[in-house]
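got a predicted structure plus its sequence, pasted below:
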Amino acid sequence: MKFPQIRELLTGKQAGKKIKLRGWVARKRSSKKIAFLTIRDSTGRIQVSIIRENNEENYNIADKVGYESAVIIEGLLSKDDRAPGGFEIKASKIEIIGPSENFPISKDQSQEFLLDVRHLALRSERLTAMLKINSSVFEGLHTYLRKEDYTEVQPPMFTTAGSEGGSTLFELKYFDKMVYLSQSWQLYAENFIYALEKAYTIAPSFRAEKSKTARHVTEYWHAEVEATWMDFEGLLELMENVISAICENVAKKNVHELKVLNRDPKELLKIKPPFPRITYAEALDLLKKQEIDVPYGADLGGREERAIGKFFDKPVIVTRYPREIMAFYKKVDPENPKVCLNANLLAPEVGEIIDGSERESDMNKILESLKHEGLDPKDYDFYLDTRRYGSVPHSGFGMGVARVVMWLCGFDTIKDAIAFPRTMTRVKP
Ligand code: 4AD
Ligand code: MG
């Protein structure tokens, strides 16, 4: 006999038939006459009932079974409008495959405790839904970028120079010298494209973030894209298309998971280009209207970004930030040397999910910016070869995958959007 999954059972195609189900006990309750179990597998949950007078032995098993015990249930699949999902299994046999006693997670436990037992909390409906949505985000990225002829590459994780500022570099001992964990593929991206023209990676990035915000972790999966000949307009379009392709894939593949999280797939299908675009200077004006005063030249934080997001019903792209707060590789706007040709894509409620720019292709300007940031050009020697040998205009961006998942799931912390989140105070489990 085949073992159907719960998703299949809930379609009702096998109603009236005898079935066998494998899963875990998610909930139970019993009265003197009847016991109910909720069985879960990776695809959903279904109610199982055991009537005592028909089956004393199995009633006793159901009455005593511990949460998260692994079981095989045999019984009749029946339509029952009172059961969540509309179907119930009237069990004739319950077999315990892997017992579980005193499962540590019950209702109303603190966020911190749930993080301590994260390896077990992953079994919850909410986190299972997140893991599946996360997988569809990766799939959406790979499918779209490969369709557009981007080649996937793997940059190194041990590095000798940072690209996103020294304060968030993790230093570690590498035999007899010190190296850093990769913050971004940036220095490698701009080399890969001289071979491939269009390249992308999805890899871990490490940030020694001391800030305890709802959207910063110390390790996250970073989707980064870089292409030769792509100008600023082309970059903005690529950002929009990537986001829209991800939303479409999640809406298509995760109807059940979105429902578990109270999210509507139809809303995701509305996330189509073009997205509203405003400049950094215009963003400051919008903030003033909400009585948030940001002096020109200061970076936008989560609070400011969420406030900007409230003006739009789609993600919004904020362009042309002040040059002083931009990394050395970003191109200065030829029409306004005070700003860069850069763009952050802000998602509602989360803020920055993508950061990208046209890159400076002039060697001398890069050298100037490196010095301005207090960086030693010698550490960037191999990077600078991109400008020495056949430099061309190019652009690229980086997307924090967990921030996208946080947004799509409607979570209020990035920690819920990562299986095993790492922060300043947590590296276990
Ligand atoms: O804005 P960032 O630092 O930009 C870069 O690293 C560029 N080199 C990307 C590129 O152009 N290839 O990081 C890019 C994205 C952010 O927009 C954000 O979504 C995410 O990475 N991110 C983080 N996500 C979680 N925790 C953190 N500490 C993050 N820092 C950045
Ligand atoms: Mg950024």
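Received it, and whenever you're ready, just let me know what you need. Residues are numbered from 1 along each chain as shown. Ligands and ions are numbered 1, 2, ... in the order given.

which of the helices or strands spans Ala83?
Secondary structure assignment for Ala83, by DSSP states H and E: no helix or strand.

and it, what is it in contact with?
Ile46, Gln47 (C-beta atoms under 8 Å, 6 or more residues apart in numbering). No exception for glycine: its C-beta is placed from N, CA and C like everyone else's.

against ligand 1, how distant is it?
Distance of Ala83 to ligand 1, computed by C-beta to the nearest ligand atom, to the nearest Å: 40 Å.

got the contact list for the residue in the stretch 1-150 of the chain positioned nearest to ligand 1?
Proximity of the stretch 1-150 of the chain to ligand 1 (C-beta to the nearest ligand atom) peaks at Val137, 12.5 Å away. Each residue near Val137 by C-beta under 8 Å, 6+ apart is listed here: Ile246, Asn249, Val250, Val401, Val404, Val405, Leu408.

what number of residues lie near the residue of the stretch 151-300 of the chain found nearest ligand 1?
Here the stretch 151-300 of the chain gets closest to ligand 1 at one residue, Ser184, 3.4 Å apart by C-beta to the nearest ligand atom. Neighbour count for Ser184, taken as other C-beta atoms under 10 Å: 22.

then the one 4 residues further on?
Residues within reach of Tyr188, counting by other C-beta under 10 Å, total 23.

which parts of the helix or strand in which it is found are buried?
According to DSSP H and E, Tyr188 maps onto helix 186-196. For helix 186-196, burial by neighbour count (16 or more other C-beta atoms under 10 Å) applies to Gln186, Leu187, Tyr188, Ala189, Glu190, Asn191, Phe192, Ile193, Tyr194, Leu196.

now swap in stretch 203-217 and tell me
Applying 16+ other C-beta under 10 Å to stretch 203-217 flags Ala203, Ser205, Phe206, Arg207, Glu209, Arg215, His216, Val217 as buried.

with stretch 309-318 instead?
Gly309, Lys314, Pro315, Val316, Ile317, Val318.

return the closest of these with respect to Ile72.
Nearest to Ile72 among these is Pro315, at 45.7 Å by C-beta to C-beta.

hang on, the earlier thing: so what's the gap between the helix holding Tyr188 and the chain middle?
Computed by C-alpha atoms, centre = their mean, to the nearest Å, the chain-centroid distance of helix 186-196 equals 25 Å.

just the pLDDT for Lys212.
Lys212 carries a pLDDT value of 87.

what does the stretch 301-429 of the chain put close to ligand 1?
352-356, 396-400, 402-403, 414 (C-beta under 6 Å from any ligand atom).

pLDDT added to the buried residues of helix 186-196, as CSV?
As requested, these are exported to CSV (pLDDT from 0 to 100):
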residue, pLDDT
Gln186, 98
Leu187, 98
Tyr188, 98
Ala189, 98
Glu190, 98
Asn191, 98
Phe192, 98
Ile193, 98
Tyr194, 98
Leu196, 98
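
spatially nearest residue to Ser369, not counting backbone neighbours?
Spatially, and ignoring its direct neighbours in sequence, Ser369 is nearest to Phe328 (3.7 Å; C-beta to C-beta, 6 or more residues apart in numbering).

surely the one you found and Ile366 touch.
Yes - contact criterion C-beta atoms under 8 Å: Phe328 and Ile366 qualify, at 6.2 Å.

higher neighbour count, these two?
Using other C-beta under 10 Å, the more surrounded residue of Phe328 and Ile366 is Ile366, with 23 against 20.

which SS state does that one fall under?
Under the three-state scheme (DSSP: H, G, I helix; E, B strand; the rest coil), Ile366 adopts helix.

what two of the residues of the stretch 301-429 of the chain next to ligand 1 are the furthest from one another?
Using C-beta to C-beta, these span at most 22.9 Å, a distance reached by Gly396 and Ile414.

who's more crowded, those two?
When neighbours are counted by other C-beta under 10 Å, Gly396 comes out ahead of the other of Gly396 and Ile414, with 25 against 22.

how about that one, nearest residue that isn't a chain neighbour?
Among residues not flanking Gly396 along the chain, Glu226 sits closest, at 3.3 Å (C-beta to C-beta, 6+ apart).

same question for Tyr59.
Arg52 (4.2 Å).

now do the contacts for the one you found.
Lys32, Lys33, Ile34, Ala35, Tyr59.

quick check, Pro4 in contact with Leu21.
Yes - assessed by C-beta under 8 Å, Pro4 is found in contact with Leu21 at 6.9 Å.

can you tell me the SS state at Pro104?
coil.

tally of neighbours for it?
Pro104 has 13 neighbouring residues, counting by other C-beta under 10 Å.

how close does it sit to Glu112?
13 Å (C-beta to C-beta, to the nearest Å).

cool, and Gly351?
24 Å.

next: Met399.
The spacing between Met399 and Glu112, counted by C-beta to C-beta, is 29 Å.

neighbour count for the two, which is higher?
The neighbour count for Met399 versus Glu112, taken as other C-beta under 10 Å, is higher for Met399 (25 against 9).

so that one is in contact with Glu352, correct?
No - if you go by C-beta under 8 Å, Met399 and Glu352 don't touch, sitting 9.7 Å apart.

on that earlier part again, mind checking how far the residue of the stretch 1-150 of the chain closest to ligand 1 is from Lys266?
18 Å.

endpoints of stretch 154-169, how far apart?
Using C-alpha to C-alpha, to the nearest Å, the end-to-end distance of stretch 154-169 comes out at 20 Å.

who touches stretch 271-283?
236-237, 240-241, 243-244, 247, 286, 296, 300, 304, 308, 312, 314-322, 339, 343, 345.

buried subset of these?
Neighbour counting over the contacts of stretch 271-283 (16+ other C-beta under 10 Å) leaves 236, 240, 243-244, 247, 286, 300, 304, 308, 314-321, 339, 343, 345 as the buried ones.

from those residues, which ones fall inside helices?
The members of those that map onto helices under DSSP state H are Leu236, Glu240, Ile243, Ser244, Cys247, Leu286, Glu304, Ile308.

how about stretch 142-151 against ligand 1, any contact?
No - judged by C-beta under 6 Å from any ligand atom, stretch 142-151 and ligand 1 are separated, with a smallest distance of 13.2 Å.

how far is that stretch from where the chain is centred?
19 Å.

same question for stretch 255-262.
Counting by C-alpha atoms, centre = their mean, stretch 255-262 comes out at 16 Å from the chain centroid.

in it, which residues are buried?
Of the residues in stretch 255-262, Glu257, Leu258, Val260, Leu261 count as buried by neighbour count, 16+ other C-beta under 10 Å.
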